[in-house]
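> build the 3D model from these lines:
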Amino acid sequence: MKKKKFSDKDFNFREIINKLLVIKNAEIGESSSGIKNKENYDSILCYCYVDEEAGISFEHLAGYFFEKDEILNNLKNDVIYKIRFGAVINDEFKVLNNNTTGILEIDNKIKNIDEWYDKNEDSKKLRKDEIFDPFRYIGFPDDVIIYLMKDGLNTEKLYVKLIRIEGGKVFGKLLNEPHQDFGVHIDDEIEIDIVKSNQGEIYLIHHCKKIIIK
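From the prediction side, this is the model:
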């Protein structure tokens, strides 16, 4: 298995979402498990998922030997340890070939994570759509940059959370409050248009004549 870093230029969030992976970070393992002997492990076994509010997240499942590919089942079954993307962005990782370990407690945790966080079918479809990739915020695959437009006002750049598809149209929730009076506000739901300039560049925009009632 190829070892990579989340900070690599060719990193793609799709290669880790809903996957079992190993992150080379013994310090996180120490803080969450309480085990101080680093000779026992040098990494953590995690399951990756997307929390719609917190972005790419990892459930710490066990300690791990990075080079030996051996699991140290050192976590209590009734304890949950969540790690956010920003905490491990500079760490080395590798994705495992299977999403099961053969350890009942760990495999049940993975099943529960999928049942809880993997319910929005529209979000899953939008994460697969590469046209949004240049506009996604790192670590938050559902959050994209768009441009608000309205006659008589300057164009503003804001973030929107992609939330649903309806009738072939994409809708998102505004994550910032506009500085100008566009008639829409933070948490409002708006339609997102994908447009191409005369030079062939793609943009995500919302023209504020198309206001969706919250």
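> let's see the pLDDT reported for residue 72.
Among the per-residue scores, residue 72 shows a pLDDT of 78.
> so it touches residue 62, yeah?
Yes. Proximity of residue 72 to residue 62 meets the contact threshold set by Cβ atoms under 8 Å, at 6.0 Å. All C-beta atoms are positioned from the backbone trio N, CA, C, and that covers glycine.
> who's more crowded, the two?
Higher neighbour count among residue 72 and residue 62: residue 62, with 22 against 17, using other Cβ atoms under 10 Å.
> does the more buried one count as helix, strand or coil?
Here residue 62 is recorded as strand under DSSP: H, G, I helix; E, B strand; the rest coil.
> what about the closest residue in space to it that isn't next to it in sequence, distance to residue 114?
Spatially, and ignoring its direct neighbours in sequence, residue 62 is nearest to residue 45 (4.4 Å; Cβ to Cβ, 6 or more residues apart in numbering). From residue 45 across to residue 114, the span is 16 Å (Cβ to Cβ, to the nearest Å).
> go on, residue 70?
25 Å.
> compare these two and say which is more crowded by neighbours.
residue 114 (14 against 11).
> you'd agree that one is up against residue 18?
Yes. Counting by Cβ under 8 Å, residue 114 does reach residue 18; the two are 6.8 Å apart.
> okay, and the common contacts of these two?
Taking Cβ atoms under 8 Å, 6 or more residues apart in numbering as the criterion, residue 114 and residue 18 both touch residue 49.
> map the structural domains onto the sequence of this protein.
4-119, 122-207 (automatic domain parsing).
> lowest average pLDDT across those domains?
domain 4-119 (a mean of 85).
> what is the end-to-end distance of that one?
This stretch, domain 4-119, spans 29 Å end to end (Cα to Cα, to the nearest Å).
> now that domain, how far from the chain's geometric center?
How far domain 4-119 lies from its chain's middle: 14 Å, per Cα atoms, centre = their mean, to the nearest Å.
> coming back round to it: tell me the contacts of the residue nearest to residue 62?
Per Cβ under 8 Å, 6+ apart, neighbours of residue 45: 20-22, 60-64, 71, 101, 106.
> out of these, flag the one nearest to residue 86.
residue 60 (15.2 Å; Cβ to Cβ).
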